[in-house]
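Enquirer: test case, fold it:
(2 chains)
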Amino acid sequence: MKKRIFVELLFLCALVHFTFAQATPIEGLFRYRLDNGLELFIMENDSAPLAYIEIAIRGGAVTQTKENCGLFHLYEHMMFKGNEKYTNQKACTEALNKMGVSDWNGTTGIDRVNYFFTVPSSLVYDGLEYWSYAIRTPLMDREEFEKEKNVVLAEISGGQSESGRIFAAGLFKTLFPESPWRLDSSGALSTIKNSTVEQLRQIQKEYYVPQNTALFVGGDVKHDEVYSIVKKIYGSWENGPQAKGGSVKVSTPDKAPLKNDVKYVFADDRMGGNIIQFVYYLRGPDAETDAVDTYPADVWAYLLANPSGSFLQSLTADKDLMIPDADYAGGGYSTMRASGMINFSAAMLNQGSSAVQKGEKLLKMLKGPVLENMYKSGTGFENENILKVKQTLEDSRIYSMETAQKFLSSLSATWASSGADYFIEYDSNIQKVQKTDISKYLDKYVRDKNGVAVLFVSPSYFEENKNEFDKYGWKVLNKDNAFWWQ
Amino acid sequence: MKNNCLKNLIIALSFLAIIFAGCASTKASDEDPYYKSNIGEFSTHTLSNKIPVVVKKSGSQIVVVRVVFEGGTPLIAPEKAGIEGLLLNLMLHGGREYSYEEIQKMQYDKTFTLNSSSGKDYSVMGLKCIKKDFDSVFSVFSDAVNSPLLEQPDFDKFILQEKDGVQRSLSDPSEQLSIELYKTLYDDSSYKTSPDFTEQSVNSVTLEDVKAHYKKLMDSNRIKIVVVGNFEGEELQNLIAKLDGAFGSIPAGGYKKPATGRLNFNKADKTIINPNAGSSAYSAGLFYCPNRYDKDYVAFAISLMYLDDIFFSHVREEGGAVYSIGSGVLSGRNMAGVISAYKISDKENIRRLISESIAMFPDKKGVEAKLDQYKNKYITTLFDSGQNAAGVAANIVTSLEYSDFYGTYLKRSKQVQDVSAKDVIDAYKKYVGDGTKIFWVTVTGD
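Expert: Purely as a prediction, here's the structure:
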């Protein structure tokens, strides 16, 4: 009897060991994990006879070193240049065409590299097989590699003249001084030019491994059928000795990198002179180490957007700032694996006081009375205001599930930055947030902390007022000093 | 990687334009199973003032309403370019019953959107909400359409933003390309007025002009309404009654659909210097192409898919000359074929590579070998565009506007299936092959 029970328990344990599969609290969403660590997420939605297929790895800029910065992006390009089955770019394209893929793409971000397309749902096997060959057996032909470098160089050198890119580079360089390359998926031109296939192979060994990868499949599909297909195609994929992912963590940069606020002025030729823009960034919680703080951060960001709340009311009421209405100011927090940031922003009419005066006042308000109001009663940060978040979450879920692609894209981004459990348990964790949690979050990340403020003005305005910017300590940010390798 | 920045130009996601084409002369077909299975989900209605309403039943909790104002830029003087878009924005900025502050509070509480867009042939105002909120959201929307405040402080604020927007467009090379493309292609046509503000018009439009334009817009002869949502039976009847109550009293005015003549493609190349392009260039080549009513339109569209793959292979991969290259159409009642190259690195050889690519179109055997693939691609796009309520509404609106029948887009998949290799080759030769006049507009850094 005891032996039988023991055998049965052993059998049950074996089942649990070999099959991690479950429905989730989210209707239509199922999750699996193969023995090799590959995660699989399936969203059933039969609104059209299509299947969306995405494969993603946890990595990107955040897993870069100074020496290989930009190479995750170059690797992404090489994924379409040939593999064991489709041995060159033409064959890859023909395979995509054969499946009726109308749009396919890959992206390299800070936390995630992903590849995706949509196929007729009857071809979901072919689609999954396609990505299996692409991700497991890229040929990395040297001649193709050299050609693709030129394409990537054209892409990123064009980007380095773009105002948005210049601003972001300067922000990251300042707020993440230890390792700004961990937010730069484009990289330096010289790194790309001098890169080798061997460097890409090293990335493959470490990051393109099943325990660091997830598949996202959704649309007119059945979860158990997709699981069977994935098990058949991907089950033999192995993690090598250098495989990262799984329980391997990334380091998180200093949360207080600045002794004082850094103030920049950016002469932006996108600005016409009638509007001044202001942004202020602080370090926020990182999903890798501070996941529990991300929930009050998100609730706080939602409360900031309340047009009747003290944050927007106090900013729009100030006549000096000339913020037209609640649509022109805001704040938020972005959940990232190791680069969480808190932001405040405002667009102000360029009338009355100068840009410098507006910027100085706004910064003082944000760090002073505006912040202090958030601790007080009756200012829109009460528990009764927090209750509204629940309804908003339910409504947002309805919109997000309208198509499988929309839902899975969001899940994939969160999987990469914070993990799937975070996504699935998000609603229930958000609903536990109280005012006291928000106060603690503000104490830890906002009060008495230093960040990066940037004023965006037109080039002609800057020229006319540069002495004043200089006098008040607003340093010039431009393409000559924004990039971390300069 | 493969970049869809082409949509920054007025290419409108190239093949989305294709799916809106239709054959006005073809009656609704019962032989098409996809058409047959979907056409039954439509109902049509007419308000008291003869405004037509099309309702498509969906299974989701999301409701989309679109009020279409037909006419577009042929009815607007060049010195007032951008006025219709501005008017629609102002209409959504507060009405007699709901101030903008109230609307902002409601949007915070209820998660809905009110939006508008204006184009060459028509403009649209719309709402998107969850069905449980429809009554209250519709009330706001109806107030915005019927009783907008159109106040001076709001006008002043928006005009300042538009001025900055014009400045921004001129400094961004890809946006500047869009502007120059539009000017060059349409300057001698009925579309010579841009839907967007120009450097000239942004300094000349007044609030009085906007109010006068509102009166022209509120003409039942030029309005159509499209609804996508889970309405049937009594709920559907209540919906129509609500729409009639809100919009059924809009009077008939003097609107007549404007005539739009053929576009002229016999133009010289144009190059503009923009230092912000750096060492790159952005270029678009325009050529004559069939309109959506033409019987060879689908075949032409499929032929461009072959061409796109040749471009990708020959110009991008082998030539390394560009970050992104593709072909498509500029949408409208009169369309234009376009080849666009984004972030060109090899300016010296790009045209040669493009010409070589055009000449590399496969022979009949080559076309046949891949025809099913491209048909599948086309059909995937068709289904993809109709996965959500907003996409379905967009399909219906463009079907209505460009073929006078709401269900035209449903027929497209059968039309694709019926295309032969000969059709594709004939269409390619006629519109793209050797001797096709293409004029180029280029924005370059040096």
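Enquirer: make it CA atoms for all contacts and neighbour counts henceforth
Expert: Noted.
Enquirer: pLDDT below threshold where in the chain?
Expert: All of this refers to chain A. By pLDDT under 70, the low-scoring segments of chain A are A:1-20.
Enquirer: um, chain B though
Expert: Applying pLDDT under 70 to chain B flags the ranges B:1-30.
Enquirer: quick one: the strands in it?
Expert: If DSSP state E is used as the criterion, the strands of chain B fall at B:42-46, B:52-57, B:62-70, B:113-118, B:122-130, B:223-229, B:270-273, B:281-288, B:322-330, B:336-344, B:439-444.
Enquirer: adjacent strands (with direction) for the fifth one?
Expert: Just to be clear, that refers to strand B:122-130. Applying DSSP bridges, strand B:122-130 is found paired with strand B:62-70 (antiparallel), strand B:113-118 (antiparallel).
Enquirer: swap in the first one?
Expert: Taking DSSP bridges as the criterion, strand B:42-46 sits next to strand B:52-57 (antiparallel) in its sheet.
Enquirer: ok, how many other residues are close to the closest residue to chain B within the stretch 1-150 of chain A?
Expert: With C-alpha to the nearest C-alpha as the measure, the residue in the stretch 1-150 of chain A that lies nearest chain B is A:Gly100; the distance is 3.8 Å. When neighbours are defined as other C-alpha atoms under 10 Å in any protein chain shown, A:Gly100 has 24 of them.
Enquirer: likewise A:Tyr422?
Expert: A:Tyr422: 17 surrounding residues under other C-alpha under 10 Å.
Enquirer: residue numbers of the stretch 101-250 of chain B in contact with chain A?
Expert: B:101, B:104-105, B:108-111, B:130, B:157, B:160-161, B:163-169, B:171-172 (C-alpha under 8 Å from any C-alpha of the partner chain).
Enquirer: go ahead and confirm the residue of the stretch 1-150 of chain A closest to chain B touches B:Asn376.
Expert: Yes. At 4.3 Å, A:Gly100 counts as touching B:Asn376 under the criterion of C-alpha atoms under 8 Å.
Enquirer: which strand or helix spans A:Lys390?
Expert: Assigned by DSSP states H and E, A:Lys390 falls within helix A:383-400.
Enquirer: can you give me the helices for the stretch 51-200 of chain B?
Expert: Read by DSSP state H, counting those that start in this stretch, the stretch 51-200 of chain B holds these helices, from start to end of the chain: B:83-91, B:100-110, B:134-146, B:152-171, B:173-186.
Enquirer: the strands of chain B into TSV, with extra columns for mean neighbour count and distance to A:Val217?
Expert: Formatted as TSV, these follow (neighbours: other C-alpha atoms under 10 Å in any protein chain shown; distance: least, C-alpha to C-alpha, whole Å):
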stretch	mean neighbour count	distance to A:Val217
strand B:42-46	14	31
strand B:52-57	21	27
strand B:62-70	23	23
strand B:113-118	18	29
strand B:122-130	22	26
strand B:223-229	24	26
strand B:270-273	15	45
strand B:281-288	24	36
strand B:322-330	25	28
strand B:336-344	25	31
strand B:439-444	23	41
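Enquirer: make TSV out of the ones you listed and add distance to A:Gly419.
Expert: Listed next are the strands of chain B as TSV, based on distance: least, C-alpha to C-alpha, whole Å:
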stretch	distance to A:Gly419
strand B:42-46	43
strand B:52-57	37
strand B:62-70	29
strand B:113-118	30
strand B:122-130	29
strand B:223-229	35
strand B:270-273	47
strand B:281-288	40
strand B:322-330	33
strand B:336-344	36
strand B:439-444	44
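Enquirer: for these, which one sits closest to B:Ala212?
Expert: For these, proximity to B:Ala212 was assessed by C-alpha to C-alpha; strand B:62-70 is nearest, at 15.3 Å.
Enquirer: contacts for the closest one, please.
Expert: Residues outside strand B:62-70 that contact it (C-alpha atoms under 8 Å, 6 or more residues apart in numbering or on different chains) are A:399, B:121-131, B:134, B:217, B:222-230, B:257, B:389-390, B:393, B:397, B:401.
Enquirer: what's the angle between that strand and helix B:134-146?
Expert: Angular relation of strand B:62-70 and helix B:134-146 on a 0 to 180 degree scale: 20 degrees, by axes from the mean of the first three to the mean of the last three C-alpha atoms, to 10 degrees.
Enquirer: helix B:83-91 and strand B:62-70, what's the angle between them?
Expert: Orientation of strand B:62-70 against helix B:83-91 (the same axes, to 10 degrees) gives an angle of 140 degrees.
Enquirer: and the angle for strand B:62-70 with helix A:383-400?
Expert: With the same axes, to 10 degrees applied, the angle from strand B:62-70 to helix A:383-400 works out at 70 degrees.
Enquirer: just how off-centre is strand B:62-70 within its chain?
Expert: A distance of 14 Å separates the C-alpha centroid of strand B:62-70 from that of its chain, computed with C-alpha atoms, centre = their mean, to the nearest Å.
Enquirer: check which residues of stretch B:136-154 are buried.
Expert: Neighbour counts over stretch B:136-154 (16 or more other C-alpha atoms under 10 Å in any protein chain shown) mark B:137-138, B:140-146, B:148-150, B:154 as buried.
Enquirer: if we can go back for a sec, packing partners of the helix holding A:Lys390?
Expert: Packing partners of helix A:383-400 (3 or more C-alpha pairs under 8 Å, 6 or more residues apart in numbering or on different chains; DSSP states H and E): helix A:287-304, helix A:426-430, helix B:100-110.
Enquirer: thinking B:Asp269 is in contact with B:Lys437, fair?
Expert: No. Here B:Asp269 does not reach B:Lys437: they are 10.9 Å apart, not a contact under C-alpha under 8 Å.
Enquirer: distance check, B:Ser147 against chain A.
Expert: In this structure, B:Ser147 and chain A are 21 Å apart, going by C-alpha to the nearest C-alpha, to the nearest Å.
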